[in-house]
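K.L.:
Predicted model follows, preceded by the sequence.
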Amino acid sequence: MHVEQGQAARVIVAVVDDHRRLDDALDAEFARAPDSRRGHALVREIAYGTLRHWGTLDALVRLLVKKPLGDRVLHTLAAAAIYQILHTRAPDFAVVDRAVTAAGHVARPAARPLMNALLRRFLREQSSLLATVRAGDVGRYSYPQWWIDRMRRDDPEDWESLLDAGNHQAPLVLRVNLRATSRVELLARFADADIRAHGQDDAAIVVEHFAAPETLPGFGDGAFTVQDASAQLAAAIVDAHDGMHVLDACAAPGGKTSQLLERSEIDLVAVDDNPRRIERLRGNLARLGHVARGARIVCADATSPDSWWDGRPFDRILLDVPCTGSGVVRRHPDIKWRRRPSDVDAFAAAQSRFLAATWPLLAAGGRLVYATCSLFRAENEAVVEAFCAVNPGALRETLSFPPSFRHRGGQILPSPAAASHNQDGFYYASLRRT
Ligand SMILES: C[S@@+](CC[C@H](N)C(=O)[O-])C[C@H]1O[C@@H](n2cnc3c(N)ncnc32)[C@H](O)[C@@H]1O
(Lines give C-alpha, C1' and ligand atoms only; values in the text may rest on other atoms or scores of the structure.)
Protein backbone atom coordinates (compact mmCIF):
# COMPACT_ATOMS: atom_id res chain seq x y z
CA MET A 1 0.00 0.00 0.00
CA HIS A 2 2.89 2.43 0.71
CA VAL A 3 3.73 2.71 -3.01
CA GLU A 4 0.14 3.67 -3.82
CA GLN A 5 -0.01 6.17 -0.94
CA GLY A 6 3.14 7.87 -2.27
CA GLN A 7 1.78 7.94 -5.83
CA ALA A 8 -1.55 9.37 -4.67
CA ALA A 9 0.29 12.07 -2.69
CA ARG A 10 2.21 13.19 -5.80
CA VAL A 11 -1.00 13.25 -7.83
CA ILE A 12 -2.78 15.39 -5.21
CA VAL A 13 0.09 17.89 -5.15
CA ALA A 14 -0.20 18.20 -8.95
CA VAL A 15 -3.89 19.08 -8.53
CA VAL A 16 -3.87 21.42 -5.52
CA ASP A 17 -0.54 23.21 -6.19
CA ASP A 18 -0.23 23.05 -9.99
CA HIS A 19 -3.97 23.10 -10.81
CA ARG A 20 -3.74 20.03 -13.04
CA ARG A 21 -6.82 17.94 -13.85
CA LEU A 22 -6.96 14.88 -11.60
CA ASP A 23 -7.29 12.39 -14.46
CA ASP A 24 -4.33 13.96 -16.30
CA ALA A 25 -2.24 13.85 -13.12
CA LEU A 26 -3.18 10.18 -12.60
CA ASP A 27 -2.27 9.31 -16.21
CA ALA A 28 1.09 11.07 -15.82
CA GLU A 29 1.79 9.21 -12.56
CA PHE A 30 0.84 5.84 -14.07
CA ALA A 31 3.03 6.50 -17.12
CA ARG A 32 5.94 7.28 -14.78
CA ALA A 33 5.53 4.11 -12.76
CA PRO A 34 3.47 1.45 -14.53
CA ASP A 35 1.87 -0.84 -12.00
CA SER A 36 -0.86 -3.40 -11.64
CA ARG A 37 -4.52 -2.55 -12.34
CA ARG A 38 -5.27 -3.10 -8.66
CA GLY A 39 -2.52 -0.71 -7.65
CA HIS A 40 -3.89 1.91 -10.03
CA ALA A 41 -7.38 1.47 -8.61
CA LEU A 42 -6.06 2.07 -5.09
CA VAL A 43 -4.11 5.20 -6.11
CA ARG A 44 -7.23 6.50 -7.85
CA GLU A 45 -9.42 5.80 -4.81
CA ILE A 46 -7.02 7.52 -2.38
CA ALA A 47 -6.56 10.53 -4.67
CA TYR A 48 -10.28 11.02 -5.35
CA GLY A 49 -11.25 10.50 -1.71
CA THR A 50 -8.54 12.79 -0.33
CA LEU A 51 -9.49 15.58 -2.74
CA ARG A 52 -13.17 15.18 -1.85
CA HIS A 53 -12.28 15.97 1.80
CA TRP A 54 -9.16 18.07 1.17
CA GLY A 55 -10.37 21.15 3.08
CA THR A 56 -10.71 19.15 6.30
CA LEU A 57 -7.64 16.97 5.79
CA ASP A 58 -5.34 19.85 4.85
CA ALA A 59 -6.50 21.81 7.91
CA LEU A 60 -5.87 18.76 10.14
CA VAL A 61 -2.30 18.33 8.91
CA ARG A 62 -1.61 22.04 9.43
CA LEU A 63 -2.87 21.69 12.97
CA LEU A 64 -0.73 18.62 13.61
CA VAL A 65 2.61 20.15 12.61
CA LYS A 66 4.39 22.84 14.59
CA LYS A 67 5.55 24.63 11.45
CA PRO A 68 4.41 23.92 7.85
CA LEU A 69 6.05 20.90 6.27
CA GLY A 70 8.43 22.23 3.62
CA ASP A 71 7.87 19.10 1.56
CA ARG A 72 4.39 19.26 -0.03
CA VAL A 73 4.33 15.56 -0.92
CA LEU A 74 4.94 14.74 2.74
CA HIS A 75 2.12 17.07 3.81
CA THR A 76 -0.21 15.48 1.27
CA LEU A 77 0.85 11.96 2.23
CA ALA A 78 -0.23 12.71 5.81
CA ALA A 79 -3.58 14.04 4.53
CA ALA A 80 -4.09 10.94 2.37
CA ALA A 81 -3.35 8.64 5.34
CA ILE A 82 -5.86 10.54 7.51
CA TYR A 83 -8.39 10.19 4.68
CA GLN A 84 -7.87 6.42 4.77
CA ILE A 85 -8.26 6.35 8.56
CA LEU A 86 -11.47 8.40 8.53
CA HIS A 87 -13.20 7.20 5.39
CA THR A 88 -12.03 3.70 4.42
CA ARG A 89 -12.04 0.27 5.95
CA ALA A 90 -8.24 -0.07 5.86
CA PRO A 91 -7.06 -0.85 9.44
CA ASP A 92 -5.53 2.19 11.18
CA PHE A 93 -2.30 0.39 12.10
CA ALA A 94 -1.73 -0.68 8.46
CA VAL A 95 -2.39 2.82 7.14
CA VAL A 96 0.05 4.38 9.61
CA ASP A 97 2.69 1.70 9.12
CA ARG A 98 2.61 2.05 5.29
CA ALA A 99 2.49 5.85 5.38
CA VAL A 100 5.64 5.84 7.56
CA THR A 101 7.38 3.63 4.98
CA ALA A 102 6.08 5.85 2.15
CA ALA A 103 7.42 8.96 3.90
CA GLY A 104 10.93 7.47 3.76
CA HIS A 105 10.52 6.97 0.00
CA VAL A 106 8.76 10.15 -1.12
CA ALA A 107 10.78 12.47 1.14
CA ARG A 108 13.80 11.27 3.11
CA PRO A 109 14.45 8.53 5.69
CA ALA A 110 14.41 11.16 8.45
CA ALA A 111 10.75 11.90 7.59
CA ARG A 112 9.63 8.52 8.93
CA PRO A 113 9.57 9.36 12.69
CA LEU A 114 7.85 12.64 11.90
CA MET A 115 5.07 10.87 9.95
CA ASN A 116 4.77 8.28 12.70
CA ALA A 117 4.41 10.91 15.45
CA LEU A 118 1.96 12.98 13.41
CA LEU A 119 -0.39 10.11 12.57
CA ARG A 120 -0.27 8.61 16.04
CA ARG A 121 -1.17 11.97 17.55
CA PHE A 122 -4.06 12.15 15.09
CA LEU A 123 -5.29 8.73 16.23
CA ARG A 124 -5.09 9.77 19.90
CA GLU A 125 -6.71 13.19 19.56
CA GLN A 126 -8.89 12.88 16.50
CA SER A 127 -12.17 14.05 17.96
CA SER A 128 -10.78 17.26 19.44
CA LEU A 129 -8.68 17.93 16.32
CA LEU A 130 -11.73 17.43 14.10
CA ALA A 131 -13.80 19.72 16.29
CA THR A 132 -11.12 22.42 15.98
CA VAL A 133 -10.86 22.30 12.18
CA ARG A 134 -14.63 22.06 11.75
CA ALA A 135 -15.02 25.36 13.56
CA GLY A 136 -13.82 27.02 10.34
CA ASP A 137 -15.75 27.00 7.02
CA VAL A 138 -13.07 25.31 4.91
CA GLY A 139 -12.42 22.58 7.49
CA ARG A 140 -16.14 22.03 7.91
CA TYR A 141 -17.40 22.02 4.32
CA SER A 142 -14.21 21.08 2.42
CA TYR A 143 -14.46 23.76 -0.25
CA PRO A 144 -12.31 26.86 -0.77
CA GLN A 145 -13.59 29.88 1.21
CA TRP A 146 -14.46 31.87 -1.96
CA TRP A 147 -16.63 28.97 -3.19
CA ILE A 148 -18.47 28.69 0.16
CA ASP A 149 -19.09 32.47 0.19
CA ARG A 150 -20.42 32.38 -3.37
CA MET A 151 -22.78 29.47 -2.70
CA ARG A 152 -24.05 31.15 0.46
CA ARG A 153 -24.79 34.31 -1.55
CA ASP A 154 -26.29 32.47 -4.54
CA ASP A 155 -28.55 30.18 -2.55
CA PRO A 156 -29.12 31.50 0.99
CA GLU A 157 -31.66 28.72 1.62
CA ASP A 158 -29.89 25.58 0.46
CA TRP A 159 -26.18 26.39 0.24
CA GLU A 160 -25.14 23.99 3.00
CA SER A 161 -26.98 21.00 1.60
CA LEU A 162 -25.65 21.78 -1.90
CA LEU A 163 -22.08 21.85 -0.60
CA ASP A 164 -22.71 18.61 1.25
CA ALA A 165 -24.22 16.93 -1.83
CA GLY A 166 -20.99 17.65 -3.72
CA ASN A 167 -18.96 15.75 -1.13
CA HIS A 168 -20.63 12.39 -1.72
CA GLN A 169 -19.45 10.02 -4.39
CA ALA A 170 -21.82 9.80 -7.38
CA PRO A 171 -22.85 6.47 -8.88
CA LEU A 172 -22.27 5.53 -12.49
CA VAL A 173 -25.37 6.49 -14.48
CA LEU A 174 -26.01 5.24 -18.01
CA ARG A 175 -28.43 6.24 -20.75
CA VAL A 176 -29.82 3.28 -22.64
CA ASN A 177 -29.49 3.58 -26.42
CA LEU A 178 -33.15 3.01 -27.21
CA ARG A 179 -32.31 2.54 -30.90
CA ALA A 180 -30.26 -0.52 -29.95
CA THR A 181 -32.04 -2.10 -26.99
CA SER A 182 -34.53 -1.48 -24.17
CA ARG A 183 -33.89 -0.75 -20.52
CA VAL A 184 -35.54 -4.01 -19.47
CA GLU A 185 -33.28 -5.97 -21.83
CA LEU A 186 -30.12 -4.22 -20.67
CA LEU A 187 -31.00 -4.61 -16.98
CA ALA A 188 -31.52 -8.34 -17.64
CA ARG A 189 -28.04 -8.55 -19.20
CA PHE A 190 -26.59 -6.79 -16.16
CA ALA A 191 -28.43 -9.16 -13.80
CA ASP A 192 -27.04 -12.17 -15.71
CA ALA A 193 -23.56 -10.74 -15.15
CA ASP A 194 -24.28 -10.15 -11.42
CA ILE A 195 -24.18 -6.38 -11.82
CA ARG A 196 -26.56 -4.65 -9.44
CA ALA A 197 -28.37 -1.78 -11.16
CA HIS A 198 -31.80 -0.17 -11.29
CA GLY A 199 -33.78 1.98 -13.71
CA GLN A 200 -34.45 5.67 -13.17
CA ASP A 201 -36.51 8.15 -15.27
CA ASP A 202 -37.09 7.18 -18.92
CA ALA A 203 -33.84 5.69 -20.11
CA ALA A 204 -31.41 5.89 -17.19
CA ILE A 205 -29.75 3.02 -15.37
CA VAL A 206 -28.00 3.60 -12.05
CA VAL A 207 -25.20 1.09 -11.47
CA GLU A 208 -25.08 0.34 -7.76
CA HIS A 209 -21.41 -0.51 -7.32
CA PHE A 210 -18.22 0.69 -8.90
CA ALA A 211 -17.70 -0.56 -12.45
CA ALA A 212 -15.65 0.66 -15.37
CA PRO A 213 -18.23 1.34 -18.15
CA GLU A 214 -16.20 -0.48 -20.82
CA THR A 215 -16.36 -3.69 -18.76
CA LEU A 216 -20.18 -3.73 -18.63
CA PRO A 217 -22.24 -5.95 -20.95
CA GLY A 218 -23.49 -3.98 -23.94
CA PHE A 219 -20.69 -1.40 -24.02
CA GLY A 220 -19.08 -2.82 -27.16
CA ASP A 221 -22.34 -3.08 -29.06
CA GLY A 222 -23.44 0.46 -28.24
CA ALA A 223 -26.28 -0.44 -25.87
CA PHE A 224 -25.62 2.57 -23.61
CA THR A 225 -23.66 5.71 -23.06
CA VAL A 226 -22.43 7.16 -19.75
CA GLN A 227 -24.54 10.20 -18.89
CA ASP A 228 -25.89 11.61 -15.66
CA ALA A 229 -29.67 11.91 -15.23
CA SER A 230 -29.62 15.74 -15.31
CA ALA A 231 -27.75 15.77 -18.61
CA GLN A 232 -30.25 13.25 -19.96
CA LEU A 233 -32.96 15.92 -19.79
CA ALA A 234 -31.34 17.86 -22.64
CA ALA A 235 -32.98 16.18 -25.62
CA ALA A 236 -36.51 16.51 -24.21
CA ILE A 237 -35.94 20.23 -23.60
CA VAL A 238 -34.48 20.77 -27.08
CA ASP A 239 -37.46 18.79 -28.40
CA ALA A 240 -36.23 18.44 -31.98
CA HIS A 241 -38.74 16.89 -34.38
CA ASP A 242 -38.06 14.78 -37.46
CA GLY A 243 -36.65 16.83 -40.33
CA MET A 244 -35.41 19.73 -38.20
CA HIS A 245 -32.06 21.43 -38.77
CA VAL A 246 -30.26 21.32 -35.40
CA LEU A 247 -27.00 22.76 -34.09
CA ASP A 248 -25.14 21.17 -31.19
CA ALA A 249 -22.66 23.98 -30.67
CA CYS A 250 -20.33 22.54 -27.97
CA ALA A 251 -20.81 18.92 -28.84
CA ALA A 252 -17.87 16.79 -27.76
CA PRO A 253 -17.61 14.09 -26.52
CA GLY A 254 -21.13 13.71 -27.86
CA GLY A 255 -23.27 12.65 -24.88
CA LYS A 256 -26.07 14.94 -25.98
CA THR A 257 -25.31 14.67 -29.72
CA SER A 258 -26.00 10.94 -29.58
CA GLN A 259 -29.14 11.49 -27.53
CA LEU A 260 -30.48 14.00 -30.08
CA LEU A 261 -29.75 11.53 -32.88
CA GLU A 262 -31.43 8.69 -30.98
CA ARG A 263 -34.63 10.65 -30.43
CA SER A 264 -35.50 11.84 -33.93
CA GLU A 265 -34.44 11.91 -37.59
CA ILE A 266 -32.76 15.30 -37.67
CA ASP A 267 -30.25 17.10 -39.80
CA LEU A 268 -27.58 17.75 -37.17
CA VAL A 269 -24.44 19.88 -37.18
CA ALA A 270 -22.13 19.11 -34.26
CA VAL A 271 -19.40 21.67 -33.58
CA ASP A 272 -16.53 21.55 -31.11
CA ASP A 273 -13.15 23.28 -31.26
CA ASN A 274 -11.13 20.57 -29.52
CA PRO A 275 -9.70 18.05 -32.04
CA ARG A 276 -9.07 15.35 -29.40
CA ARG A 277 -12.59 15.62 -28.07
CA ILE A 278 -13.97 15.60 -31.64
CA GLU A 279 -12.21 12.26 -32.13
CA ARG A 280 -13.92 10.96 -28.98
CA LEU A 281 -17.25 12.22 -30.34
CA ARG A 282 -16.67 10.35 -33.61
CA GLY A 283 -15.72 7.20 -31.69
CA ASN A 284 -18.81 7.44 -29.49
CA LEU A 285 -21.17 7.93 -32.45
CA ALA A 286 -19.54 4.95 -34.20
CA ARG A 287 -19.88 2.72 -31.11
CA LEU A 288 -23.52 3.71 -30.68
CA GLY A 289 -24.31 3.02 -34.35
CA HIS A 290 -25.18 6.62 -35.28
CA VAL A 291 -22.65 7.24 -38.03
CA ALA A 292 -25.21 6.54 -40.75
CA ARG A 293 -27.55 9.14 -39.25
CA GLY A 294 -25.56 11.70 -41.20
CA ALA A 295 -24.53 14.25 -38.58
CA ARG A 296 -22.06 16.80 -39.91
CA ILE A 297 -19.17 16.97 -37.45
CA VAL A 298 -17.12 20.16 -37.51
CA CYS A 299 -13.96 20.99 -35.59
CA ALA A 300 -14.24 24.77 -35.31
CA ASP A 301 -14.83 27.68 -32.99
CA ALA A 302 -18.58 27.90 -32.48
CA THR A 303 -18.30 31.63 -31.78
CA SER A 304 -16.94 32.24 -35.32
CA PRO A 305 -19.76 30.80 -37.45
CA ASP A 306 -18.39 32.44 -40.63
CA SER A 307 -15.87 29.61 -40.79
CA TRP A 308 -18.40 26.75 -40.68
CA TRP A 309 -22.02 27.92 -41.11
CA ASP A 310 -23.66 27.62 -44.53
CA GLY A 311 -26.28 30.30 -43.78
CA ARG A 312 -29.23 27.94 -43.26
CA PRO A 313 -30.98 28.92 -40.02
CA PHE A 314 -31.33 26.27 -37.31
CA ASP A 315 -34.69 25.22 -35.87
CA ARG A 316 -32.99 24.20 -32.64
CA ILE A 317 -29.66 25.08 -31.03
CA LEU A 318 -28.18 23.30 -28.05
CA LEU A 319 -25.53 25.40 -26.33
CA ASP A 320 -23.92 23.15 -23.72
CA VAL A 321 -21.20 25.64 -22.86
CA PRO A 322 -17.88 25.14 -21.07
CA CYS A 323 -18.29 26.07 -17.38
CA THR A 324 -16.66 25.74 -13.96
CA GLY A 325 -18.31 22.34 -13.44
CA SER A 326 -19.42 23.38 -9.95
CA GLY A 327 -22.47 21.09 -10.27
CA VAL A 328 -20.42 17.94 -10.85
CA VAL A 329 -17.80 18.07 -8.08
CA ARG A 330 -19.15 14.81 -6.65
CA ARG A 331 -17.72 13.19 -9.81
CA HIS A 332 -14.69 15.49 -10.15
CA PRO A 333 -13.57 16.61 -6.66
CA ASP A 334 -10.40 18.16 -8.14
CA ILE A 335 -12.56 20.95 -9.60
CA LYS A 336 -13.00 22.43 -6.12
CA TRP A 337 -9.25 22.96 -5.70
CA ARG A 338 -8.27 23.73 -9.30
CA ARG A 339 -10.67 26.60 -9.91
CA ARG A 340 -9.89 30.16 -8.90
CA PRO A 341 -12.47 32.87 -8.18
CA SER A 342 -11.53 34.70 -11.40
CA ASP A 343 -12.44 31.56 -13.42
CA VAL A 344 -16.13 32.15 -12.73
CA ASP A 345 -16.05 35.60 -14.37
CA ALA A 346 -13.94 34.31 -17.26
CA PHE A 347 -16.41 31.47 -17.92
CA ALA A 348 -19.38 33.84 -17.63
CA ALA A 349 -17.86 36.23 -20.19
CA ALA A 350 -17.18 33.35 -22.61
CA GLN A 351 -20.69 31.95 -22.08
CA SER A 352 -22.18 35.34 -23.02
CA ARG A 353 -20.06 35.30 -26.18
CA PHE A 354 -21.39 31.82 -27.11
CA LEU A 355 -24.96 33.05 -26.71
CA ALA A 356 -24.40 36.25 -28.70
CA ALA A 357 -22.59 34.42 -31.52
CA THR A 358 -25.06 31.57 -32.03
CA TRP A 359 -28.37 33.39 -31.46
CA PRO A 360 -28.34 34.96 -34.98
CA LEU A 361 -28.16 31.42 -36.47
CA LEU A 362 -31.57 30.54 -35.01
CA ALA A 363 -34.65 30.58 -37.27
CA ALA A 364 -37.66 32.71 -36.30
CA GLY A 365 -39.81 30.57 -34.00
CA GLY A 366 -36.79 28.38 -33.22
CA ARG A 367 -35.52 27.39 -29.77
CA LEU A 368 -32.09 27.76 -28.20
CA VAL A 369 -31.34 25.70 -25.11
CA TYR A 370 -28.54 27.03 -22.92
CA ALA A 371 -27.01 24.48 -20.53
CA THR A 372 -24.20 24.29 -17.97
CA CYS A 373 -23.18 21.81 -15.28
CA SER A 374 -22.69 24.69 -12.85
CA LEU A 375 -24.48 25.82 -9.71
CA PHE A 376 -23.15 29.37 -9.85
CA ARG A 377 -25.70 32.04 -10.66
CA ALA A 378 -23.04 34.08 -12.51
CA GLU A 379 -22.81 31.35 -15.17
CA ASN A 380 -26.52 30.59 -15.31
CA GLU A 381 -29.36 33.01 -14.59
CA ALA A 382 -27.05 36.04 -14.74
CA VAL A 383 -25.83 35.15 -18.26
CA VAL A 384 -29.32 34.45 -19.58
CA GLU A 385 -30.92 37.48 -17.92
CA ALA A 386 -28.24 39.82 -19.27
CA PHE A 387 -28.66 38.35 -22.75
CA CYS A 388 -32.45 38.69 -22.71
CA ALA A 389 -32.21 42.26 -21.43
CA VAL A 390 -30.51 43.38 -24.66
CA ASN A 391 -32.29 40.91 -26.99
CA PRO A 392 -36.02 41.59 -26.76
CA GLY A 393 -36.62 38.95 -29.46
CA ALA A 394 -35.48 36.24 -27.02
CA LEU A 395 -38.42 34.92 -25.00
CA ARG A 396 -37.77 32.81 -21.89
CA GLU A 397 -39.80 29.59 -21.96
CA THR A 398 -40.95 27.98 -18.71
CA LEU A 399 -39.25 24.65 -18.18
CA SER A 400 -40.94 21.73 -16.53
CA PHE A 401 -38.84 18.85 -15.25
CA PRO A 402 -40.05 15.41 -14.14
CA PRO A 403 -41.21 15.63 -10.48
CA SER A 404 -38.35 13.48 -9.18
CA PHE A 405 -35.80 16.19 -10.09
CA ARG A 406 -35.02 18.64 -7.29
CA HIS A 407 -34.73 22.03 -8.97
CA ARG A 408 -35.22 25.75 -8.55
CA GLY A 409 -36.38 27.21 -11.86
CA GLY A 410 -33.89 25.99 -14.44
CA GLN A 411 -31.32 25.19 -11.77
CA ILE A 412 -31.26 21.46 -11.09
CA LEU A 413 -29.84 20.73 -7.64
CA PRO A 414 -27.48 17.80 -7.04
CA SER A 415 -29.13 15.03 -5.04
CA PRO A 416 -28.22 14.67 -1.39
CA ALA A 417 -26.54 11.45 -0.27
CA ALA A 418 -28.94 8.50 -0.17
CA ALA A 419 -31.70 10.35 -2.05
CA SER A 420 -34.03 8.05 -3.95
CA HIS A 421 -33.38 9.95 -7.21
CA ASN A 422 -29.81 10.51 -8.31
CA GLN A 423 -28.71 13.57 -10.30
CA ASP A 424 -25.87 16.05 -10.77
CA GLY A 425 -26.23 19.82 -10.49
CA PHE A 426 -27.14 21.25 -13.89
CA TYR A 427 -28.76 24.31 -15.42
CA TYR A 428 -31.07 24.78 -18.39
CA ALA A 429 -32.69 27.82 -19.98
CA SER A 430 -34.84 27.72 -23.08
CA LEU A 431 -35.13 30.78 -25.32
CA ARG A 432 -37.66 31.09 -28.15
CA ARG A 433 -36.87 33.47 -31.03
CA THR A 434 -39.87 35.60 -31.88
C1 LIG B 1 -19.66 20.96 -21.48
S2 LIG B 1 -18.65 20.38 -22.75
C3 LIG B 1 -19.82 19.72 -23.87
C4 LIG B 1 -20.34 18.36 -23.51
C5 LIG B 1 -21.18 17.76 -24.62
N6 LIG B 1 -22.25 18.62 -25.03
C7 LIG B 1 -21.75 16.41 -24.22
O8 LIG B 1 -22.91 16.31 -23.85
O9 LIG B 1 -21.00 15.43 -24.29
C10 LIG B 1 -18.18 21.85 -23.55
C11 LIG B 1 -17.46 21.63 -24.86
O12 LIG B 1 -17.25 22.91 -25.46
C13 LIG B 1 -16.10 22.81 -26.24
N14 LIG B 1 -15.66 24.18 -26.59
C15 LIG B 1 -14.98 25.07 -25.84
N16 LIG B 1 -14.79 26.21 -26.53
C17 LIG B 1 -15.37 26.06 -27.74
C18 LIG B 1 -15.53 26.88 -28.88
N19 LIG B 1 -15.04 28.13 -28.90
N20 LIG B 1 -16.19 26.39 -29.94
C21 LIG B 1 -16.70 25.11 -29.93
N22 LIG B 1 -16.57 24.30 -28.87
C23 LIG B 1 -15.93 24.75 -27.78
C24 LIG B 1 -15.15 22.02 -25.38
O25 LIG B 1 -14.13 21.43 -26.17
C26 LIG B 1 -16.09 20.99 -24.76
O27 LIG B 1 -16.06 19.81 -25.51
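P.N.:
Yep, it's here. For clarity, every value in this text was computed on a predicted model and none was experimentally measured.
K.L.:
Using the three-state scheme, assign Ser415.
P.N.:
Recorded secondary structure, Ser415: coil (DSSP: H, G, I helix; E, B strand; the rest coil).
K.L.:
can you tell me how far it sits from the ligand?
P.N.:
20 Å (CB to the nearest ligand atom, to the nearest Å). All C-beta atoms are positioned from the backbone trio N, CA, C, and that covers glycine.
K.L.:
cool, Gly311 as well?
P.N.:
For Gly311, the distance to the ligand - CB to the nearest ligand atom - is 19 Å.
K.L.:
wait, what's in contact with that residue?
P.N.:
Applying CB atoms under 8 Å, 6 or more residues apart in numbering to Gly311 gives no contacts.
K.L.:
The same query, at a cut-off of 10 Å, please.
P.N.:
Listed by CB atoms under 10 Å, 6 or more residues apart in numbering, the contact set of Gly311 reads 305, 361.
K.L.:
So which residues on the chain come close to the ligand?
P.N.:
Residues of the chain found near the ligand (CB under 6 Å from any ligand atom) are 250-256, 271-274, 277, 301-303, 320, 322.
K.L.:
Where do the helices of the stretch 301-434 of the chain begin and end?
P.N.:
334-338, 341-358, 381-390 (DSSP state H, counting those that start in this stretch).
K.L.:
Redo these as a markdown table? Include mean pLDDT and distance to Arg10.
P.N.:
Below are those laid out as a markdown table (pLDDT from 0 to 100; distance: least, CB to CB, whole Å):
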| stretch | mean pLDDT | distance to Arg10 |
| --- | --- | --- |
| helix 334-338 | 97 | 14 |
| helix 341-358 | 98 | 24 |
| helix 381-390 | 98 | 37 |
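K.L.:
mind listing what the residue most central in space within the chain touches?
P.N.:
For the chain, Val328 is the residue whose C-alpha lies nearest the centre (CA atoms, centre = their mean; 3.6 Å). Residues counted as contacts of Val328 (CB under 10 Å, 6+ apart) are 166, 170, 228, 230-231, 335, 373-375, 414, 424-426.
K.L.:
before we move on, what about Phe314?
P.N.:
Counted by CB under 10 Å, 6+ apart, Phe314 has contacts 240, 244-249, 267-269, 358, 361-363, 366-368.
K.L.:
Just read off the phi/psi values of the nearest residue in space to Ala203 that is not next to it in sequence.
P.N.:
Leaving out its chain neighbours, the residue that sits closest to Ala203 by CB to CB, 6 or more residues apart in numbering is Val176, at 4.6 Å. Main-chain dihedrals, Val176, degrees, to the nearest 10: phi -70, psi 140.
K.L.:
Next one: Val176 from Phe190, what distance?
P.N.:
According to CB to CB, to the nearest Å, Val176 stands 11 Å off from Phe190.
K.L.:
picking that back up, may I ask which of the contacts of Val328 has the most neighbours?
P.N.:
Leu375 (33 neighbours; other CB atoms under 10 Å).
K.L.:
Could you measure from that residue over to Pro109?
P.N.:
Applying CB to CB to Leu375 and Pro109 gives a distance of 46 Å.
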